[in-house]
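Peer 1: Sequence below, structure please.
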Amino acid sequence: MKHGIYYAYWEREWKGDYLRYIRKVADLGFDILEIAAGPLPEYTKEQLAELRACAEAHKIRLTVGYGPAPENNIASADPKVREHALEFYKDLFERMEKIGATLIGGAIYSCWPIDYSKPVDKKGDWERGVEGIAKLGRIGADHGIETIGMEVLNRFENHVLNTAAEGRRFVESVRQSEPRAVNVKVMLDTFHMNIEEQSIGNAIRTAGDLLGHFHTGECNRMVPGQGRTPWREIHDALEDVGYDGAVVMEPFVIPGGTVGQDIRIWRDLVEDTSEEALDQAAGAALRFQRYMLG
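Peer 2: Numbering: from 1, shown residues only. I've put the predicted structure just below:
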């Protein structure tokens, strides 16, 4: 089991100096840095090569997270949007291949966050999502993408996949329609499970052998160890299903900027939001997580 953290823990915008964060998380003892997909289309070939070289030099694995913009909604009711999304992901997968990233997770089957001021069509979005993700599974396989994680989100952020059971059914449907899409897997997050699941342990067991990526964080979005999440229950369930993949913490504690707006952080969740204090908390959370889940 390898442990990581999402770069946006330190940021107010969905961009960052990934080279700097590679060095930072390596110094803190992490194995993985998760970066956002959104900025990657802006990178030159030289920047992509530099990113890969830096990660390899510091022995950091890069994984990618994405909350798709509406124009990249692979399940949109608009065929032109679906076509645009397909082209976006083709380009993204090529860029991921260049930086050596083999895992992407998020609401890839939809967009994020959902605009609930407009009506939603769960059945239609599900069916179009299965069709689109089957295509992405096949394309991703051609670029060495080993995991395309269908992140199960809480009801306030998306309406398509809210429980592990739904995540499993969705992934099974994708794989039935496209045999090459074995890289399409379930992605779970302790924050979202805390809201939606009757039992976090049973949710993990429901995902079972289809679990491909795992996010951690407290119920209040703080770093692991600073809330009431049932870590021993999570350990036991992960052990039961034989999960030995990436475990990436995704805490958000700083208000302001696009990140604070999208995550709905309206106050400082911690007393000290200086970079030094955030670094210390991340390091302590890593030690806690290794102990509880190892």
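Peer 1: Tell me where the chain is predicted with low confidence.
Peer 2: Scanning the chain for pLDDT under 70 picks out nothing.
Peer 1: What segments of it are strands?
Peer 2: With DSSP state E as the criterion, the chain has strands at 2-6, 32-36, 61-66, 103-106, 147-151, 184-189, 211-216, 246-249.
Peer 1: Quick check: which of those strands is nearest to Asp262?
Peer 2: strand 32-36 (11.5 Å; CB to CB). Placement of C-beta: from N, CA and C, glycine included.
Peer 1: who does the closest one touch, helix- and strand-wise?
Peer 2: strand 2-6, helix 18-28, strand 61-66, strand 246-249 (3 or more CB pairs under 8 Å, 6 or more residues apart in numbering; DSSP states H and E).
Peer 1: mind listing what the third one pairs with, with the direction of each?
Peer 2: It stands for strand 61-66. Strand 61-66 has its sheet partners listed here by DSSP bridges as strand 32-36 (parallel), strand 103-106 (parallel).
Peer 1: swap in the last one?
Peer 2: Strands adjacent to strand 246-249 in the sheet, as given by DSSP bridges, are strand 2-6 (parallel), strand 211-216 (parallel).
Peer 1: number of nearby residues for the closest residue to His58 other than its chain neighbours?
Peer 2: Leaving aside its sequence neighbours, His58 sits nearest to Ala26 (CB to CB, 6 or more residues apart in numbering; 4.0 Å). When neighbours are defined as other CB atoms under 10 Å, Ala26 has 17 of them.
Peer 1: just checking, Ala26 touches Ile60?
Peer 2: Yes: Ala26 is within contact range of Ile60, at 5.4 Å (criterion: CB atoms under 8 Å).
Peer 1: which residues in the chain form helices?
Peer 2: Using DSSP state H, the helices assigned to the chain run over residues 18-28, 45-57, 79-99, 122-142, 164-177, 190-196, 200-207, 231-241, 257-263, 275-293.
Peer 1: before we move on, back to that, quick check: which of the helices and strands packed on strand 32-36 is buried the most?
Peer 2: strand 246-249 (a mean of 25; mean count of other CB atoms under 10 Å).
Peer 1: for it, the distance to its chain's centre please.
Peer 2: Centroid separation for strand 246-249 versus its chain: 9 Å, with CA atoms, centre = their mean, to the nearest Å.
Peer 1: what sits up against it?
Peer 2: 1-6, 9, 32, 34, 61, 63, 103, 213-217, 223-224, 282, 285-286, 289, 293 (CB atoms under 8 Å, 6 or more residues apart in numbering).
Peer 1: Look at Pro70 and say how many residues are nearby.
Peer 2: 14.
Peer 1: can you offset everything so residue one is 11?
Peer 2: Right, with 11 as the first residue, what we last looked at is Pro80.
Peer 1: residues touching Ile264, list them.
Peer 2: Contacts of Ile264 by CB under 8 Å, 6+ apart are 20-22, 270, 275, 278-279, 283.
Peer 1: Now with 10 Å, please.
Peer 2: When contacts are counted by CB atoms under 10 Å, 6 or more residues apart in numbering, Ile264 touches 18-22, 270, 273, 275, 278-280, 283, 288.
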